[in-house]
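Enquirer: generate a structure from the sequence data that follows.
(one chain, ligands or ions: 1)
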Amino acid sequence: MTKQTSILIIYTGGTIGMIRDAGSGTLKPFDFGNLYTHFPVLRNFDYHLDFQSLDPLLDSSNMTPPFWVKLAEVIREKYDNYDGFVVLHGSDTMAYTASALSFMLENLNKPVILTGSQLPIGVIRSDGRENFINAIEIAAAREDEFPVVPEVAICFDNMLYRGNRTTKFNAENFGAFLSVNYPPLAEIGVHIKYRRDLILKPNFRGLVVHQELCNQVAILKLYPGITPEAVQAILNTKDLKAVILETFGAGNAPTFPWFLDLLKKKIDRGIHIVNVTQCKGGTVEMGKYETSAELEKIGVIGGADITTESAVAKLMYLLGEGYPREEVSRLLQTSLRGEMTV
Ligand code: ASP
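Expert: Numbers count the residues shown, from 1 in each chain. Below is the predicted model of the structure:
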């Protein structure tokens, strides 16, 4: 007899489980309590579903690395007992959490599918019900005894994306996420059409959970007219270890001597500066223009087509692991979990 597929649903908060506070009128997370009371339709699944709430429940704008550790810890503890995991999460920082989990969960051989919604599940037109059901179906999908999606992914608005390739780009539409530099892993219509050629393959090694995350990173977004004071304010952040430099186009930045000098001084003192483009699509090509060749010369690291969300998570992970400087630099230019095209 084949074993019933079992899925653990981990609720972290977010709009999907929010209700309107009668007093203030704002949306606040509430505790689902009994899953089947809120989602009687789930009884129709032929899977064994368990439910666990994290404490405290968060509006995901309050997300922090220690909460990611807590989430990864639950997955580690329950890894052998379930065939897949669905993480209910606010959409605001879902791309960051998905990226962080992808780095923290090395040798992941089971699906970890994040989903949420733009409208609370209790609202008649909510997108939450469909997203939730699709996420369960995908977390449970198996072929020849193996999970179809053994990676961290985001399921939203009938699309499945690699988690560390996503960005939340729309606060209004049900299609809140984009993955411009990597095609969807699946499209959900009458059938769920998986792109097996794009999905990571299981490696059958034991799960390793990395729990040390270093948040001594900062983002420096460039804009015409940026002042030395503004650049210094970021670069002089106490205990800073790495900076994500959000550049223009294919990785270009001003060639003003003051700007390059400020960056170079920090690089010479051991701070990693990673070049990530402000564009949603496309890649950093250091040296294509004179305006990026200068960055390359002073030791800025090219981030290729990684998203800012993924770069933040990757830096926190690499710095947390305590790798030597050269190794951090090498790994930043290496795709570890399918997060970049190199
Ligand atoms: N503010 C909410 C959150 O990220 C929005 C959402 O769930 O979509 O938790």
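Enquirer: so what's the residue of the chain found nearest the ligand up against?
Expert: Going by CB to the nearest ligand atom, the ligand is nearest to Gly90 of the chain, at 1.9 Å. For the C-beta atoms, the positions are set from N, CA and C on the backbone; glycine is no exception. Contact analysis of Gly90 by CB atoms under 8 Å, 6 or more residues apart in numbering lists Thr12, Gly13, Gly14, Thr15, Ile16, Leu58, Asp59, Ser60, Ser61, Met63, Gly116.
Enquirer: could you turn the buried ones of the residues you listed into a ChimeraX selection?
Expert: The buried residues among the contacts of Gly90 can be selected in ChimeraX (16 or more other CB atoms under 10 Å) with this line:
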select :12,13,14,15,16,58,59,60,63,116
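Enquirer: quick one: Asp305 from Val180, how far?
Expert: As defined by CB to CB, to the nearest Å, Asp305 lies at a distance of 8 Å from Val180.
Enquirer: for the stretch 101-250 of the chain, which residues are neighbours of the ligand?
Expert: Within the stretch 101-250 of the chain, the positions lying close to the ligand (CB under 6 Å from any ligand atom) are Gly116, Gln118.
Enquirer: about what we covered before: A helix includes the residue of the chain closest to the ligand, no?
Expert: No. Under the criterion used here (DSSP: H, G, I helix; E, B strand; the rest coil), Gly90 is coil, not part of a helix.
Enquirer: now it: phi and psi?
Expert: phi -60, psi 150 (degrees, to the nearest 10).
Enquirer: follow-up on the earlier one: neighbour-wise, which of Asp305 and Val180 wins?
Expert: Asp305 (22 against 15; other CB atoms under 10 Å).
Enquirer: ok so, going back, just the ones of the contacts of Gly90 in strands?
Expert: Thr12, Gly13, Leu58 (DSSP state E).
Enquirer: in space, what's closest to the last one - neighbours in sequence excluded?
Expert: On the basis of CB to CB, 6 or more residues apart in numbering, the spatially nearest residue to Leu58 that is not a chain neighbour turns out to be Gly13, at 4.0 Å.
Enquirer: Arg20 - nearest residue in space that isn't next to it in sequence?
Expert: Leu27 (5.9 Å).
Enquirer: what does Asp46 give?
Expert: Gln4 (7.2 Å).
Enquirer: which helix or strand contains the one you found?
Expert: Of the helices and strands defined by DSSP states H and E, none includes Gln4.
Enquirer: do you know the pLDDT at it?
Expert: On pLDDT, Gln4 comes in at 92.
Enquirer: now do the one 4 residues further on
Expert: The pLDDT attached to Leu8 in the predicted structure is 97.
Enquirer: that one touches Leu88, doesn't it?
Expert: No. Contact criterion CB atoms under 8 Å: Leu8 and Leu88 do not qualify, at 11.3 Å.
Enquirer: more neighbours: which of the two?
Expert: Each of Leu8 and Leu88 has its neighbours counted (other CB under 10 Å); Leu88 has more, 27 against 23.
Enquirer: is the more buried one in a bridge, and if so with what?
Expert: Beta-bridge pairing of Leu88 under DSSP bridges involves Tyr11, Thr115.
Enquirer: contacting residues around it?
Expert: Ile9, Ile10, Tyr11, Thr12, Gly13, Gly14, Ile16, Gly17, Leu114, Thr115, Gly116, Phe132.
Enquirer: the third one contacts Gly17, correct?
Expert: Yes. Tyr11 is in contact with Gly17 according to CB under 8 Å; the separation is 6.1 Å.
Enquirer: nearest residue to Gln52 other than its sequence neighbours?
Expert: Closest to Gln52 by CB to CB, 6+ apart is Ile10, at 5.3 Å.
Enquirer: what is the neighbour count of the one you found?
Expert: 21.
Enquirer: ok, now the one 10 residues further on?
Expert: Using other CB under 10 Å, Arg20 has 13 other residues around it.
Enquirer: first vs last residue of stretch 319-326, how far apart are they?
Expert: 12 Å (CA to CA, to the nearest Å).
Enquirer: change the start of the numbering to 252 and stick with it
Expert: In the new numbering, first residue 252, that becomes stretch 570-577.
Enquirer: burial of Leu546, as a residue count?
Expert: Neighbours of Leu546 (other CB under 10 Å): 27.
Enquirer: do the same with the one 3 residues further on
Expert: By the measure other CB under 10 Å, the count of residues near Ile549 is 15.
Enquirer: returning to that earlier point: neighbour count for Tyr262 and Gly268, which is higher?
Expert: Gly268 (26 against 20).
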